[in-house]
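**Q** for reference, the sequence and a predicted model appear below.
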Amino acid sequence: MGSIGAPELLVIALLALLLFGAGRIADIGKGLGQGIKNFKQGLKEANDDGDDKKADDDDEKKDDKKADRKPEKKKAPAKADEEAAEEA
């Protein structure tokens, strides 16, 4: 027993043509092609969504880092300190 060769594939194709007819075979091929196209599109959208989610996570991390920083204390102007010292 060997592998399936060209003559065997030709016989299978002829049997399929006889069973289903030329129109039905074309419809099956069209449906198969659309299915593959939709599958590839779904994979692409899933990858794009994954990239967007990763970018959102990075933005959230940056926001968290900004929130963790302590606000810098502003020093009062030197003139106000001098005037307060003179009044006392």
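**A** Looks like it arrived, so ask away. Numbers count the residues shown, from 1 in each chain.
**Q** where do the helices sit along this protein?
**A** Using DSSP state H, the helices of the chain run over residues 6-20, 22-68, 78-87.
**Q** and those helices, which one is worst for confidence?
**A** Mean pLDDT across those is lowest at helix 78-87; the value there is a mean of 60.
**Q** phi first, then psi, for residue 5.
**A** phi -110, psi -170 (degrees, to the nearest 10).
**Q** typo on my end, it should be residue 3
**A** Phi and psi for residue 3, reported as degrees, to the nearest 10, are phi -80, psi 170.
**Q** look at residue 3 and report its pLDDT.
**A** For residue 3, pLDDT reads 88.
**Q** numbering from 885 from now on, please.
**A** Let's use 885 as the start, then, which means that last one is residue 887.
**Q** wait, isn't residue 901 in contact with residue 908?
**A** No. Counting by Cβ atoms under 8 Å, residue 901 does not reach residue 908; the two are 9.4 Å apart. Yep, even glycine has a C-beta here, placed from its N, CA and C like the rest.
**Q** counting neighbours, what do you get for residue 900?
**A** Using other Cβ atoms under 10 Å, residue 900 has 13 neighbouring residues.
**Q** and the gap between it and residue 888?
**A** Noted for residue 900: a distance of 14 Å to residue 888, by Cβ to Cβ, to the nearest Å.
**Q** one more: residue 904?
**A** From residue 904 to residue 888 the distance is 20 Å (Cβ to Cβ).
**Q** please apply the same query to residue 903.
**A** On the measure of Cβ to Cβ, residue 903 and residue 888 end up 19 Å apart.
**Q** residue 908 now?
**A** Distance from residue 908 to residue 888, by Cβ to Cβ: 23 Å.
**Q** and for residue 912?
**A** Taking Cβ to Cβ, one finds residue 912 at 20 Å from residue 888.
**Q** who has more neighbours out of these two?
**A** Counting neighbours by other Cβ under 10 Å for residue 912 and for residue 888 shows that residue 912 has the greater number, 12 against 9.
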